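*Asks:* Got a sequence here, can you model it:
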Amino acid sequence: MFAKPSLFFAGLALLTALPAPDEPGAPGAAGAAAAADDFGQLMGKLSKEKPDATARHKTFLESRYDLSDQPAAGVTMARGKPVQGGVRVKLPAGATWESLAQLPADQIKAKKLWPEGFFPLSHPNHELGGMVFPQSVIDETKKQTGRDLQRFDVDFDFPLHLLPEFPPPIYLTTRPDLGDVSKGQLVTTANYYALFKEILNPKQLEGLRLLVSPFAQAQFNPTEDRRSALPSLGVSCFDCHVNGHTSAATHTVGDIRPNDHRHRIDTPSLRGVNVQRLFGSQRALKSVEDFTEFEQRAAYFDGEPDQATRKGVNILERGSQVHFMGEFQSLLDFPPAPKLGWDGKLDPKLASDAEKRGQELFFGKGRCSECHPAPYYTDNSMHNLQTERFFEKRKVEWLVAYADGPIKTFPLRGIKDSPPYFHDDRLLTLEDTVEFFNLVLGVQLTAPEKADLVAFLRTL
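*Replies:* Sure, this is the predicted structure:
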């Protein structure tokens, strides 16, 4: 990830000033010692700056959100983790959600009333960027495989109770009778074969092997500008997309320059990828195979493929490896939704009155279904919400907050299992999401209607 210019180029200068080990005047041992010394300086500098940067970002998050642990009564994810409830975005002084909903966008903009939590969200350290993993992923990956995803310069920012359950279950379209085929385990190179050898055919099993295999990445690799204390084998696809779902690991997009305009990326779930047709941060990729190949060639190196030549190039063979990986990903199913019928809508015999009212709002007054039609609740398209109508361009930490541009319509099936929400994690709960779209779409939902809509979303 691009670092702050002075830091990035200082680190780069340390590296490029070193002669390669096989150059005249740079015997292998001496070159290695110099590289180790320079890496030690870089690690020392960034480690020293980390506590202050972490504290600043925590203060920033607490100014925007209520981060406390407040589970919604009686609502859990597929394996039982409580779903967080309530609106967590803090309102401007003197404002209410009802008063904001009455104002047109230009007045919200003129009066600076757009809630802080609705502005684009920055990376945990936007100047440094790069892949950052929740501690639960780091700890279990290290326990199983010995591979360390801990960075010495930045930590993940949101508390664990606001994240998806870990590890999440895996459901397969080909074997719905088996339920969670992960058996409650994080799937890694250490256990994938034992778990799946009797379930998958050889192609699919090889695809899964590649999805859990680590490959060199911009921050995790053997070079001296890495961000892990020890040389690293890298990152696997399933480090971010844990068990084919999501760990909420974050990153910044590699295809926007300059760095302060690059968006934070939420890790989307791979569940139901077989019904999707748009992939990548700019949605320019039209198949899961395209996405798989792009991730290895460019996204792992922050949109700079030339990095791979020194950090660890890994060109996947399209006709077999990419195909095998895509085939397994296409087997990943949404979690069971016992209240939904074959058409993706509620079975009236099973749904509560609030859920049925919420469904009517979803397909009516709330206008949700215009982008999220049943049965999978996506139109496989992109929409520009034009949120810049509501605020002036400004800096949010080190990120320039302005227009989001066109955003992919993500499927809403299983949505309660995938917090935080929106493409950059800025919305922590489904209640936050409903408040956001109530303002953006101007649909004037009442408080009881918002509660009913959330109740319906939790059934999907």
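*Asks:* Going by neighbour count, list what's buried in the longest helix seen in the chain.
*Replies:* The longest helix of the chain (DSSP state H) is helix 28-64. Buried residues in helix 28-64, counted by 16 or more other C-beta atoms under 10 Å: 31, 34-35, 38-39, 42-43, 46, 49-50, 53-54, 57, 60-61, 64. In this view, the C-beta of every residue, glycine as well, is placed from N, C-alpha and C.
*Asks:* Check stretch 172-188 too.
*Replies:* 172, 180, 181, 182, 185, 186, 187, 188.
*Asks:* from those residues, which two are the most distant?
*Replies:* 172 and 188 (18.0 Å; C-beta to C-beta).
*Asks:* Poorly predicted segments of the stretch 301-450 of the chain, please.
*Replies:* Counting by pLDDT under 70, the stretch 301-450 of the chain shows no low-confidence range.
*Asks:* And the helices in it?
*Replies:* All helices of the stretch 301-450 of the chain, identified by DSSP state H, counting those that start in this stretch, fall at 308-311, 323-329, 353-362, 430-441, 447-457.
*Asks:* so what does the longest one touch, helix or strand wise?
*Replies:* Counting contacts by 3 or more C-beta pairs under 8 Å, 6 or more residues apart in numbering; DSSP states H and E, helix 430-441 is packed against helix 97-101, helix 447-457.
*Asks:* List the buried residues for the last one?
*Replies:* Yep, that's helix 447-457 we're talking about. Neighbour counts using 16+ other C-beta under 10 Å place 449, 450, 452, 453, 454, 455, 456, 457 of helix 447-457 among the buried residues.
*Asks:* What are the contacting residues of that helix?
*Replies:* 97-98, 346, 352, 354-359, 361-362, 365-366, 368, 412, 415-416, 430-431, 434-435, 438, 445 (C-beta atoms under 8 Å, 6 or more residues apart in numbering).
*Asks:* can you check stretch 291-308 too?
*Replies:* Here stretch 291-308 makes contact (C-beta under 8 Å, 6+ apart) with 1-2, 129-130, 215-218, 234-235, 237, 252-255, 279-281, 285, 311, 314-316, 318, 322, 325-326, 329.
*Asks:* So which of the residues you listed are in strands?
*Replies:* residue 252 (DSSP state E).
*Asks:* Which of the contacts of stretch 291-308 are buried, as a ChimeraX select command?
*Replies:* Applying 16+ other C-beta under 10 Å to those, the buried members can be selected in ChimeraX as follows:
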select :1,2,129,130,215,216,217,218,234,235,237,252,253,254,279,280,281,285,311,314,316,322,325,326,329
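*Asks:* tell me the domain boundaries of the protein?
*Replies:* Using automatic domain parsing, the domains assigned to the chain come out as 71-119+338-457, 131-329.
*Asks:* from those, which stretch is densest packed?
*Replies:* Stretch with highest mean neighbour count among these: domain 131-329 (a mean of 19; mean count of other C-beta atoms under 10 Å).
*Asks:* ends of that domain, how far apart?
*Replies:* Using C-alpha to C-alpha, to the nearest Å, one end of domain 131-329 lies 21 Å from the other.
*Asks:* And stretch 110-121, how far out from the chain middle?
*Replies:* Distance of stretch 110-121 from the chain centroid (C-alpha atoms, centre = their mean, to the nearest Å) equals 22 Å.
*Asks:* just checking, next helix/strand downstream of the longest strand seen in the chain?
*Replies:* Ranked by number of residues, the top strand in the chain under DSSP E is strand 71-76. Next helix or strand after strand 71-76 toward the C-terminus (DSSP states H and E): strand 82-84.
*Asks:* ok so, going back, run the angle between the longest strand of the chain and helix 447-457 for me.
*Replies:* Strand 71-76 runs at 30 degrees relative to helix 447-457, counting by axes from the mean of the first three to the mean of the last three C-alpha atoms, to 10 degrees.
*Asks:* List the pairing partners of strand 71-76 within its sheet, with orientation.
*Replies:* According to DSSP bridges, strand 71-76 forms sheet pairs with strand 82-84 (antiparallel).
*Asks:* Please state the offset of the partner strand from the chain centre?
*Replies:* On C-alpha atoms, centre = their mean, the centre of strand 82-84 falls 18 Å from that of its chain.
*Asks:* Could you check how far residue 406 is from residue 371?
*Replies:* From residue 406 over to residue 371 the distance is 12 Å, taken as C-beta to C-beta, to the nearest Å.
*Asks:* Find the residues that touch each one of these two.
*Replies:* Joint contacts of residue 406 and residue 371 (C-beta under 8 Å, 6+ apart) are residue 383.
*Asks:* now the end-to-end length of stretch 332-347.
*Replies:* 24 Å.
*Asks:* i'd like the first residue to be 744 from this point on
*Replies:* In the new numbering, first residue 744, that becomes stretch 1075-1090.
*Asks:* Need the contact partners of it.
*Replies:* Against stretch 1075-1090 from outside (C-beta under 8 Å, 6+ apart): 821, 912-916, 919, 987-988, 1013-1017, 1093-1094, 1098-1099, 1102, 1117-1120, 1154, 1156-1157, 1160, 1199, 1202-1203.
*Asks:* if I look at residue 1188, how far off is residue 1171?
*Replies:* Distance from residue 1188 to residue 1171, counting by C-beta to C-beta: 19 Å.
*Asks:* Done for today, thanks.
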